[in-house]
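*Asks:* Build the 3D model from these lines:
(one chain, ligands or ions: 1)
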Amino acid sequence: MITDHLIAVYDRPVPRYTSYPTAPHFHEGVDAGVMADWLRGLAPEAPLSLYLHVPFCQQMCWYCGCNTQIVARHKPIADFADTLLAEIARIGDMLKAAGHQRIVSSIHFGGGTPNSLDADEFERIMAALAHHFALEPDLDLAIELDPRTVSDEFLAAMRRVGVNRASLGVQDFDPVVQAAVNRVQPFDLVKECVAKLRANGIRSLNLDLIYGLPFQSVSGLRRTVAQAVELAPDRIALFGYAHVPWMKPHQRLLDEASLPDAYARFRQFEAAAQALAAADYARIGLDHFAKPGDALRVARDNHTLKRNFQGYTVDRADALIGFGPSAISALPQGYIQNAPDHAPWARAVSEGRLAVVKGVAVTDEDRRRRAIIEQIMCYGTVDLAAFQFDPALAMPALWPLIEDGLVHLNGSNLTVTERGLPFQRVVAAAFDAYLAPENKRHSRAV
Ligand code: SF4
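*Replies:* Numbers count the residues shown, from 1 in each chain. Predicted coordinates for the structure are as follows:
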């Protein structure tokens, strides 16, 4: 039973642990020279995963926490596409010169809105990727789409280049909530988009839902889940809205008085999760739900589930290379982030430089703690002895969690209890050696 006491104590700012060390610990000491060394140091045969960030949208959703900008004309997007082609060529050439085989097993287009690109730009980017890298025949090719703006031409381009996974931003089907967050997309519009995606070769479909938005309620969330399930996506992600107006000023446009409090947020998540379980969507980690046969669910059952900047993933590549403003690369040696703003990113690329602004090298101790955190975030359980980790090191942070019944510690086996599941990130944080108390830069736990 989740009590007010637990929410008062544990609903605190903690990282989402899509990396470790987490992004606030990136620093300028990791620069373009370091990235070049790290790329040259990759094992030549190691498969790669590529992430391309398209930082444009047509209209701002007021809850948005992404790196994006609103553009009324297409020219900035066309210029971006040209710069992205140059960045792909630059990194591809560097790897080629280093003797890397450049085998790519997975590509993910995220944003922003990747379908801000027109069909021709998207196909040219895919052609450049195929030219500079060796795309595996069973390539996992995924894209995030805005169902309001995806055109038939873009869908046809997706089919031609072999996109096989798509993710649609839905958030909530309630028209009142949609109006309150400045993102109106009726159910029938999403339904039509889903049908078109399936007709164009999408074999795996994800829908993103959000709880904790203005005017959301338990009954409303249940209705939204029922409508989402009607569309039979393979996966549903259920994220908590992160209200961080000091970082995202447009969030001030939301009516704060209509935001649910922590207890209401918890009830909303619980109700949505129960409705998803009843529809045979198994919970994967913190916030994903998957149908039987879905790759994430299979990976969870096989114990091969991973967590990276895209959240939960089946990607097994050793190195993730990010392209575009703000994109993060995760290499065996550490993390690297591109310039977040478009202009400095474009300037660096046009001058033939890597657009890196910061990053962090990963130490052996970081790797050990990262593996433990990943086990907790993916499975809710970890054998600390398997990572030569003495539980005593984490006891100051773990002890209150044990006393409150959020985790069990049996020898070196740590397990998040049913009661502790909503606070999985807080449990993971017990192993975060960098976390300052009351760090306000992260979103709340529930
Ligand atoms: S479509 Fe996505 S990235 Fe664009 S403003 Fe809305 S939430 Fe942000």
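*Asks:* In stretch 372-385, which residues are buried?
*Replies:* Across stretch 372-385, burial judged by 16 or more other Cβ atoms under 10 Å covers 372-380, 382, 384. Where you see a C-beta, it was placed from the backbone N, CA and C, and this is true even at glycine.
*Asks:* Which of those sits closest to residue 291?
*Replies:* Checking the buried residues of stretch 372-385 against residue 291 by Cβ to Cβ gives residue 378 as the nearest, at 18.3 Å.
*Asks:* so that closest one sits in a strand?
*Replies:* No. Using DSSP: H, G, I helix; E, B strand; the rest coil, the assignment for residue 378 is helix, not a strand.
*Asks:* tell me which parts of this structure are close to the ligand?
*Replies:* Contact residues, the chain versus the ligand (Cβ under 6 Å from any ligand atom): 57, 60-61, 64, 66, 68, 111-113, 146, 169.
*Asks:* list the buried ones in stretch 345-355?
*Replies:* Applying 16+ other Cβ under 10 Å to stretch 345-355 flags 345-346, 348-349, 354-355 as buried.
*Asks:* Sitting in helices, which of those residues do you find?
*Replies:* Using DSSP state H, the subset of these located in helices is 345-346, 348-349.
*Asks:* Widest-spaced pair of those residues?
*Replies:* 346 and 348 (7.4 Å).
*Asks:* give me the low-pLDDT residue ranges for the stretch 251-400 of the chain?
*Replies:* Of all residues in the stretch 251-400 of the chain, none has pLDDT under 70.
*Asks:* List the residues that contact residue 77.
*Replies:* 56, 71, 116-118, 121 (Cβ atoms under 8 Å, 6 or more residues apart in numbering).
*Asks:* and the least confident of those residues?
*Replies:* Among the contacts of residue 77, residue 71 carries the weakest pLDDT, at 94.
*Asks:* and that one, how far is that from residue 335?
*Replies:* Residue 71 sits at a distance of 29 Å from residue 335 (criterion: Cβ to Cβ, to the nearest Å).
*Asks:* So for those two, which residue has more residues nearby?
*Replies:* residue 335 (25 against 16; other Cβ atoms under 10 Å).
*Asks:* Pipe the contacts of residue 77 into CSV and attach secondary structure per row.
*Replies:* What follows is the contacts of residue 77, written out as CSV (three-state DSSP):
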residue, secondary structure
56, strand
71, coil
116, helix
117, coil
118, coil
121, helix
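*Asks:* Could you identify the most distant pair in those residues?
*Replies:* Checking these with Cβ to Cβ, the most distant pair is 71 and 121, at 13.7 Å.
*Asks:* residues in contact with whatever residue of the stretch 201-350 of the chain ends up closest to the ligand?
*Replies:* Using Cβ to the nearest ligand atom, the single residue of the stretch 201-350 of the chain nearest to the ligand is residue 250, 8.5 Å away. By Cβ under 8 Å, 6+ apart, the residues touching residue 250 are 60, 62, 64.
*Asks:* Same check on residue 304?
*Replies:* 314, 316.
*Asks:* Determine whether the claim that it is in a helix is correct.
*Replies:* No. Counting by three-state DSSP, residue 304 is located in no helix; its state is coil.
*Asks:* between the ones in helices among the buried residues of stretch 345-355, which is nearest residue 282?
*Replies:* residue 345 (38.9 Å).
*Asks:* on that earlier part again, and the pLDDT for the residue of the stretch 201-350 of the chain closest to the ligand?
*Replies:* 96.
*Asks:* how about the most centrally placed residue in the chain, what does it touch?
*Replies:* With distances taken as Cα atoms, centre = their mean, the residue of the chain nearest its centroid is residue 310 (3.0 Å). For residue 310, the contacting residues are 18, 51, 108, 110, by Cβ under 8 Å, 6+ apart.
*Asks:* right, and the last one touches residue 52 too?
*Replies:* Yes. Shown here, residue 110 and residue 52 form a contact pair, counting by Cβ atoms under 8 Å, at 7.3 Å.
*Asks:* Where does residue 267 fall, secondary structure wise?
*Replies:* Per DSSP states H and E, residue 267 falls inside helix 262-278.
*Asks:* Residue 213: neighbour count?
*Replies:* Neighbours of residue 213 (other Cβ under 10 Å): 28.
*Asks:* oh sorry, the question was meant for residue 434
*Replies:* Using other Cβ under 10 Å: residue 434 sits among 15 other residues.
*Asks:* Just the helices from the stretch 1-150 of the chain, written as ranges.
*Replies:* 4-10, 32-40, 75-97, 119-132 (DSSP state H, counting those that start in this stretch).
*Asks:* Just send the ones you listed back as JSON lines, with distance to residue 195 too.
*Replies:* Formatted as JSON lines, the helices of the stretch 1-150 of the chain follow (distance: least, Cβ to Cβ, whole Å):
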{"stretch": "helix 4-10", "distance to residue 195": "41"}
{"stretch": "helix 32-40", "distance to residue 195": "42"}
{"stretch": "helix 75-97", "distance to residue 195": "27"}
{"stretch": "helix 119-132", "distance to residue 195": "19"}
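*Asks:* Quick check: chain neighbours aside, which residue is closest to residue 194?
*Replies:* residue 231 (5.0 Å; Cβ to Cβ, 6 or more residues apart in numbering).
*Asks:* Can you list the buried residues in stretch 156-175?
*Replies:* Across stretch 156-175, burial judged by 16+ other Cβ under 10 Å covers 157-158, 161, 163-174.
*Asks:* same thing with stretch 131-149?
*Replies:* Of the residues in stretch 131-149, those buried (16+ other Cβ under 10 Å) are 132-133, 135, 139-148.
*Asks:* can you list the domain ranges for the protein.
*Replies:* For the chain, automatic domain parsing gives the domain ranges 1-15+363-446, 22-361.
*Asks:* Name the residue of the stretch 151-300 of the chain with the shortest distance to the ligand.
*Replies:* As assessed by Cβ to the nearest ligand atom, the ligand sits closest to residue 169 within the stretch 151-300 of the chain, at 5.4 Å.
*Asks:* If we ignore the residues flanking it in sequence, what's nearest that residue?
*Replies:* If you skip the residues right next to it in sequence, residue 169 has residue 208 as its closest partner in space, 5.0 Å away by Cβ to Cβ, 6+ apart.
*Asks:* Alpha carbons of the helix or strand harbouring that neighbour, as PDB, please.
*Replies:* In the assignment (DSSP H and E), residue 208 maps to strand 204-211. Presented in PDB, the C-alpha positions along strand 204-211 are these (Å, rounded to 0.1, in the frame of the first residue of the first chain):
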ATOM      1  CA  SER A 204       6.300  -3.000 -34.400                       C
ATOM      2  CA  LEU A 205       4.300  -0.100 -33.100                       C
ATOM      3  CA  ASN A 206       4.700   1.900 -29.900                       C
ATOM      4  CA  LEU A 207       2.300   4.400 -28.400                       C
ATOM      5  CA  ASP A 208       3.600   7.000 -25.800                       C
ATOM      6  CA  LEU A 209       1.100   7.900 -23.100                       C
ATOM      7  CA  ILE A 210       1.700  10.400 -20.300                       C
ATOM      8  CA  TYR A 211       0.100  10.700 -16.900                       C
END
